[in-house]
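Colleague: give me the fold of what follows.
(2 chains)
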Amino acid sequence: MQVLIPAALQSYTRAARVAATGDSLDAMFADLEQRYPGLRFRVVDERGLLRPNMRIFVNGLGVRELRHALQPEDAVAIVLALSGG
Amino acid sequence: MRRTAPPASPASSSSSSRRKAATRLVLLVATRKGAWLFHGDARRKTWTADGPHFLGHTISHLQLDPRDGRTLLAAAKTGHLGPTIFRSTNLGRSWKEAQRPPAFAQASGGMPGRAVDHVFWLTPGHASEPGSWYAGTSPQGLFRSEDGGVSWLPLPAVNDNPQLREWMGSVQDGTPDGPKLHSVIVDPRDAKHLYFAMSGGGVHESRDGGASWSTLIQGLEVVEGFDPGTVTFHDPHCVRLCPAMPDRLYQQNHCGIYRLDRNGNPAGEVWQRIGRKMPKRVGDIGFPMVVHPRDADTAWVFPMDGTTVWPRTSPAGRPAAYVTRNAGKSWQRLDQGLPESQAWWTVKRQAMTADALATPALYLGTTSGELWIGRDEGASWSNIARHLPEIYAVEVAELGA
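Modeller: This is a model prediction of the structure:
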């Protein structure tokens, strides 16, 4: 799947869009972490929860559960939440 | 009584003076919106800004390793991204992220799992343990690195200790920016002898390198009406150990200024509220506590308004440091050069320090983004920089000749 990377995380990926694999969001982040070490922890905390000001959209729908299943053709967006302006 | 430490080395005083004269200082300034380094000349007259580093990142603390003089650690997060630590070994020309930043272990023993919100405090380890560092976090946790800050492991005797967890409370019980573990202190005589403090949650000591901890709160007061026997209610803001006399600690607390002289007898180890001698109109509330590098009777504070709703501003809008030169028996106001009125800033707990030159200077960063030097041990203040973001921490490091 294609993953849209916010500007705040492009210091890891050096790109606004990257390809990733995985049958769930959790697996997708594991794949991203392998290639861009450190990225996952900035988005997902040590309890496996999405950090409070991060949002994930899959094909335009907001998702918070990292066990959410993914298909190869899905479009995933990591978004910095609009929290307070 | 004035307690003065012996010279650190057998070098003659003239060679020591030459060494000190050639010493260059760098101020490490951590702010809500990035980090700056201010390089001083040999006379501490002019300062050259290097920054911003990490513009837009919240930097809680910036520390240079005094053991190698080159490893610089920055505790960082952003408004959205999780916490991490960046490392530089060339004074900030390039930075690399820690491979394993501080993170709590998985929940165990029925206690709820926690996530580090930000690394708040960085302390280099003992001189005999190169590469060792400690980090205090919010919510409260203590972490150690043994590889110069590349990877960090939690100390389970703190982070997973049911008693300490009870005293820490929850995230909602902490200070406005989150509950803090701070003032991580390593006894210069013994790498295994450690202290830390928690806002709130008291002062704690280990003599076995962090495997077990005991509480040091005798004599400390709490907010009126609460039970001082309950550790949760104790809110130390900043604790410092005197390098000249490591059995002496000074503390700025939510409820006053204290001194503790360790005498080896637990029953006799009682914090003395030395802030009672501060002027009543100023009070003895504040955040930073600064000790003299060689004189254990000299210490500085920077009071703030802690009345009613806790404005956290300079009392009456007139900022001033106060110094004691007799271990707290009396205090003198040091405000020459500081604004005389309508200055409503204050100084956070890591944002005031002293250098170790022959006549130390003080340095402080304000909540309004001003950086000040207090020459001659704070006798005369002048501004180094203004218009920076809110300053969270100021450290001073020697770069050598």
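
Colleague: how close does the residue lying farthest from the centre of chain B sit to residue B:104?
Modeller: For chain B, the residue at maximal distance from the C-alpha centroid (C-alpha atoms, centre = their mean) is residue B:110, at 33.1 Å. According to C-beta to C-beta, to the nearest Å, residue B:110 stands 15 Å off from residue B:104. Where you see a C-beta, it was placed from the backbone N, CA and C, and this is true even at glycine.

Colleague: do the same with residue B:221
Modeller: Distance from residue B:221 to residue B:104, by C-beta to C-beta: 31 Å.

Colleague: with residue A:22 instead?
Modeller: Between residue A:22 and residue B:104 the distance is 25 Å, computed by C-beta to C-beta.

Colleague: with residue B:87 instead?
Modeller: With C-beta to C-beta as the criterion, residue B:87 and residue B:104 are 21 Å apart.

Colleague: for stretch B:333-353, buried residues please.
Modeller: B:334-335, B:337-339, B:343-353 (16 or more other C-beta atoms under 10 Å in any protein chain shown).

Colleague: what do you get for stretch B:206-222?
Modeller: By neighbour count with 16+ other C-beta under 10 Å, stretch B:206-222 contains the buried residues B:206, B:209-210, B:213, B:216-217, B:220-222.

Colleague: phi first, then psi, for the most centrally placed residue in chain B.
Modeller: For chain B, residue B:350 is the residue whose C-alpha lies nearest the centre (C-alpha atoms, centre = their mean; 4.1 Å). Main-chain torsions, residue B:350, degrees, to the nearest 10: phi -100, psi 0.

Colleague: that one contacts residue B:62, correct?
Modeller: No. Counting by C-beta atoms under 8 Å, residue B:350 sits too far from residue B:62 to count as a contact (9.4 Å).

Colleague: CA atoms of the lengthiest helix in chain A as PDB?
Modeller: Secondary structure of chain A per DSSP state H: the longest helix is helix A:25-35. Taking Å, rounded to 0.1, in the frame of the first residue of the first chain, the C-alpha atoms of helix A:25-35 are listed here in PDB:
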ATOM      1  CA  LEU A  25      -1.600  -1.200  10.500                       C
ATOM      2  CA  ASP A  26       0.600  -2.800  13.100                       C
ATOM      3  CA  ALA A  27       2.400  -4.800  10.500                       C
ATOM      4  CA  MET A  28       2.700  -1.800   8.300                       C
ATOM      5  CA  PHE A  29       4.400   0.200  11.000                       C
ATOM      6  CA  ALA A  30       6.700  -2.700  11.700                       C
ATOM      7  CA  ASP A  31       7.600  -2.600   8.000                       C
ATOM      8  CA  LEU A  32       8.200   1.200   8.100                       C
ATOM      9  CA  GLU A  33      10.300   0.800  11.300                       C
ATOM     10  CA  GLN A  34      12.600  -1.600   9.600                       C
ATOM     11  CA  ARG A  35      13.400   0.800   6.800                       C
END
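
Colleague: next one: residue A:10, what pLDDT does it get?
Modeller: Looking at residue A:10, its pLDDT is 96.

Colleague: then residue B:15?
Modeller: So residue B:15 comes in at 43 (pLDDT).

Colleague: can you check the one 4 residues further on too?
Modeller: On the pLDDT scale, residue B:19 is placed at 47.

Colleague: what do you get for the one 10 residues further on?
Modeller: At residue B:29, the model reports a pLDDT of 98.

Colleague: next up, the contacts around the residue in chain A positioned nearest to chain B.
Modeller: Evaluated by C-beta to the nearest C-beta, chain A has residue A:45 as its residue closest to chain B, separated by 3.6 Å. Contact analysis of residue A:45 by C-beta atoms under 8 Å, 6 or more residues apart in numbering or on different chains lists A:51, B:82, B:103, B:115-116.

Colleague: any idea of the pLDDT on residue 53?
Modeller: Because you didn't say which chain, this covers chain A. 86.

Colleague: my bad, chain B
Modeller: Reported pLDDT for residue B:53: 98.

Colleague: one more: residue B:173?
Modeller: Residue B:173 carries a pLDDT value of 70.

Colleague: next one: the closest residue to residue B:242 other than its chain neighbours from chain A, what distance?
Modeller: The shortest distance from residue B:242 to any non-neighbouring residue, by C-beta to C-beta, 6 or more residues apart in numbering or on different chains, is to residue B:296 (4.0 Å). Going from residue B:296 to chain A by C-beta to the nearest C-beta, to the nearest Å gives 41 Å.

Colleague: would you check that residue B:296 makes contact with residue B:240?
Modeller: No. The criterion here is C-beta under 8 Å, and residue B:296 misses it with residue B:240 at 10.7 Å.

Colleague: and the strands in chain A, which stretches?
Modeller: A:2-4, A:17-19, A:54-58, A:61-63, A:75-80 (DSSP state E).

Colleague: can I get those in JSON lines with distance to residue B:376 and mean neighbour count?
Modeller: As requested, those are arranged in JSON lines below (distance: least, C-beta to C-beta, whole Å; neighbours: other C-beta atoms under 10 Å in any protein chain shown):
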{"stretch": "strand A:2-4", "distance to residue B:376": "57", "mean neighbour count": "16"}
{"stretch": "strand A:17-19", "distance to residue B:376": "57", "mean neighbour count": "14"}
{"stretch": "strand A:54-58", "distance to residue B:376": "49", "mean neighbour count": "19"}
{"stretch": "strand A:61-63", "distance to residue B:376": "59", "mean neighbour count": "12"}
{"stretch": "strand A:75-80", "distance to residue B:376": "47", "mean neighbour count": "18"}
